[in-house]
Every structure is written in C-alpha cells, then in structure tokens.
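> Sharing a model that was predicted from the sequence below.
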Amino acid sequence: MDVLILGGTGFLGRHLVEAALGEGHRVTLFNRGFTEPGLFPEVEKIGGDREVDLSDLRGRSWDAVIDTCGYVPRVVRASAGLLAGAVDHYTFVSSISVYSDDIAPGADEEAPVRELQDPMVEEVTGETYGGLKALCERAAEQEMPGRVLNVRPGLISGPHDPTDRFTYWPRRIAAGGEVLAPDHKERRMQYIDVRDLAAWIVKMSEETRTGTYNATGPDYELQMGRLLEECKALGGAGADIVWVSEDFLVEKGVEPFTELPLWVPREYAAMLAIDCSRAIETGLTFRPLAETIEDVLDWDRARAADREPAAGLRPEREQELLRAWHGVTL
C-alpha cells in the first residue's frame, strides 16, 4: 500500500509511520518539517504547510491518506478535496472530544456531538476543539463520500507523548512520597497506547474501512486505583496514595485533566466511559497496562531531567493541596 501521512513526525504520526513501514507499506510524509525533521530518513518527505499551499501534492497518487493533524474544517476540506481524485481512502483522526457534555456512560458512535455557535470560527481552544473536530469529520465525508474513516481516540498514551497527561502518573509515583490522587479508587478511566492505535489505524486503512469508530480502551473496566497500583508495582513502591475528594479539588480550583491528569468532574465522567466495542470487533487490541507504564517510564527517564512537564501538579502546588487536605480531614 502506498500511504500518504499528513503530519507523521509528532506523537501519533511517528508511530503510524513505524506501523506502516513494519507492514511493508510505502510511506510519504507531508508536513512543515518543524517537528523531528531527521526522523525516517528512508521515507519520502514533501515539505509544505497544508493551511497555505497543497500544490506539491498535485499530480501524485496514493492508495490511502491518513490525516493526523486536521483541526479546522476549512483546511480538512481543502486537503480531502484536493486528494479526492488521488487516493481511494481517507482516514481522519478525530477525538472523543466531539461528544456533547451530556452524554451518558457507555455512549457509542451515535451519541450527539458538539455544535459550535459560530461554525466559521477557526481558533482552536478548549471550548472549540471538540466542535471543530466534528465539523472536520463532516468536511472530509462531504469531499470523499463513502470513502472516509473517522477515528475518535480517547486519551493517547505511550512513548513520545508531548502532553504528559498519562506520563504524569508513572513519573510522579516513581518519585515517591505522598501522591495526591483524585476522588476515589473506583473512578473509571480510559486510555489507549499509541502503538496499539497506530497499528489498528494502518490495518483499517489497508482494509479500506469506512465510518466512525471510537478508539479508546482497554477492553475491560479500568479503575484509577488499579492504574496507580500498577505504577507503584513498576517503579514507585515508596509512594503513599492520598485520595482527595472531588469537592475539595473543585473548591481549590484544580484544573481537570491538565493540572490533575485523568480527572474530570463527575458531570463529565462519561467521557472516560466510552463504548469502543465497534472498534474492538474490527480488531483493535490492547497491550497490558503494565507494558505501557514500563515503556513510558523508560522513555521519560531518558528525557532531559530539567524538562518542564506539560501537565500535572507542580510539586509545590501538590504539597499545598496535601497540607490543606490533611487540615480538613484532621
């Protein structure tokens, strides 16, 4: 298979390239060359900014395209429109953030998605991201009807994750001491290892599958307590988990998912309880949680020690919260 990847050197993109090459496919990358330009010297690279000029893609053809970096419907429409006659199949990487806040736990692909008050807005913020992704899905389908696969991942974890939203927990627990944890051990959570997601997307592209699929996991109900216990077993036996109530976190203004990763207030808990059975039925599989944690720890330890984490409580903020919590509970 000849596959064009829009992006390809960031987080999911680099794993997609590795998965495609591992299956013997020929890969072409189209990106600006800003992120890890030295990666994959054996792969053809076309330099360009998709928001400005796609002309270097004209006159070429591929079997499939995988779009890892579409955030604005105008841009996705231009890409899908130009490639409609050059590829047989278009995979658009969307997000479970497309779903409305009021979905119920166990929501599947038919759940209502966000609608923007101004569908012409192009500024990507926490308020507009999900709605824009939903519009991007529609734009791709309108340009290539019946030939689009829309993938809606949940939290993506694994080596080279720039967000640190999963990485925070193995790293923090490995550091030991009292670790502030959100709410209660039974809180449900979901994630997907980037390598499992990439391998499945390549497989779906090979099979020219179309339609919309939630792509998160694992294939059992994972609770926050189990995640943290696995982290302790693999690198943080000296950690002492302190479960802090959600009301306390809200009162102290703790930012969900960014300041305290994998925690969202109870009214949004359904976003971590999405039905991904449709993807599982097509062959989406999940490596053991322990393998993801161990590989993330190894990768994180190899990074620069003075690197500022992209997410998670800063040590002084965590200590301040723990002191306040102990004062409340005395």
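Arrived safely, thanks for sending.

> who touches the strand or helix carrying V65?
Taking DSSP states H and E as the criterion, the element that holds V65 is strand 64-67. When contacts are defined by C-beta atoms under 8 Å, 6 or more residues apart in numbering, strand 64-67 is touched by residues 1-7, 16, 76, 79-80, 83, 87-93, 140, 201-202, 205-206, 208. Where you see a C-beta, it was placed from the backbone N, CA and C, and this is true even at glycine.

> Pull out the buried members of these.
Buried positions within these, assessed by neighbour count (16 or more other C-beta atoms under 10 Å), are 1, 3-7, 16, 76, 79-80, 83, 87, 89-93, 140, 201-202, 205-206.

> average pLDDT for stretch 202-210?
Stretch 202-210 carries an average pLDDT of 98.

> Now do the end-to-end distance for it.
13 Å (C-alpha to C-alpha, to the nearest Å).

> shouldn't V43 be in contact with L29?
Yes: counting by C-beta atoms under 8 Å, L29 is a contact partner of V43 at 5.9 Å.

> ok, the two, which is more surrounded?
L29 (23 against 16; other C-beta atoms under 10 Å).

> List the contacts of the closest residue to that one other than its chain neighbours.
Counting by C-beta to C-beta, 6 or more residues apart in numbering, L29 lies nearest to G8, which is 4.0 Å off, once chain neighbours are set aside. G8 makes contact with 14, 16-17, 27, 29-31, 40, 43, 68 under the criterion C-beta under 8 Å, 6+ apart.

> Tell me the secondary structure at E123.
coil (DSSP: H, G, I helix; E, B strand; the rest coil).

> returning to that earlier point: just the CA atoms of the strand holding V65, as CSV, please.
Extracted in CSV, the C-alpha atoms of strand 64-67 (Å, rounded to 0.1, in the frame of the first residue of the first chain):
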residue,chain,number,x,y,z
ALA,A,64,-4.7,6.0,1.1
VAL,A,65,-4.1,9.1,3.2
ILE,A,66,-4.0,9.3,7.0
ASP,A,67,-4.7,12.8,8.3
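
> Following the chain onward from it, which element is next?
Along the chain past strand 64-67, the next helix or strand (assigned with DSSP H and E) turns out to be helix 73-83.

> chain center to the helix or strand that comes right after that next one: distance?
On the C-terminal side of helix 73-83, the nearest following helix or strand under DSSP H and E is strand 89-93. Put simply, strand 89-93 sits 16 Å off its chain's centre (C-alpha atoms, centre = their mean, to the nearest Å).

> Next: stretch 40-54.
How far stretch 40-54 lies from its chain's middle: 22 Å, per C-alpha atoms, centre = their mean.

> which residues sit against it?
Applying C-beta under 8 Å, 6+ apart, the set of residues contacting stretch 40-54 from outside is 6, 8-9, 14, 17, 21, 27-33, 55-57, 69, 72, 75, 78-79, 82.

> Only the buried subset of those, as a PyMOL command please.
Per 16+ other C-beta under 10 Å, the buried members of these correspond to this PyMOL selection:
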select buried, resi 6+8+9+14+17+21+27+28+29+30+31+57+69+72+75+78+79+82
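
> Now, the contacts of stretch 40-54 that are in helices?
14, 17, 21, 75, 78-79, 82 (DSSP state H).

> V244: which of these is nearest?
Minimum separation from V244 among the ones in helices among the contacts of stretch 40-54 (C-beta to C-beta) is found for R14, which lies at 35.8 Å.

> what's the spacing between that closest one and A84?
When distance is defined by C-beta to C-beta, to the nearest Å, R14 is 27 Å away from A84.

> What is the burial count for the residue lying closest to P159 once chain neighbours are set aside?
Taking C-beta to C-beta, 6+ apart as the measure, P159 lies nearest to W299, with 3.8 Å between them; neighbours along the chain are not counted. As a burial measure, W299 scores 15 neighbours (other C-beta under 10 Å).

> Provide the backbone phi and psi angles at W299.
phi -60, psi -40 (degrees, to the nearest 10).

> could you show me where the strands are in the protein, in order?
If DSSP state E is used as the criterion, the strands of the chain fall at 2-6, 26-31, 44-47, 64-67, 89-93, 148-153, 156-157, 177-182, 188-193, 211-215, 217-223, 239-244.

> got the buried residues for stretch 250-266?
Here stretch 250-266 shows 254, 256-264 as buried, counting by 16+ other C-beta under 10 Å.

> Quick check, central residue of the protein?
Centroid check for the chain by C-alpha atoms, centre = their mean gives I156 as the closest residue, at 3.4 Å.

> what's near enough to touch that one?
Going by C-beta under 8 Å, 6+ apart, the list of residues near I156 reads 11-12, 191-194, 197.

> Could you do R187 as well?
Contacts were defined as C-beta under 8 Å, 6+ apart; by that measure R187 touches 223-225, 263, 269.

> Cheers, nothing more for now.
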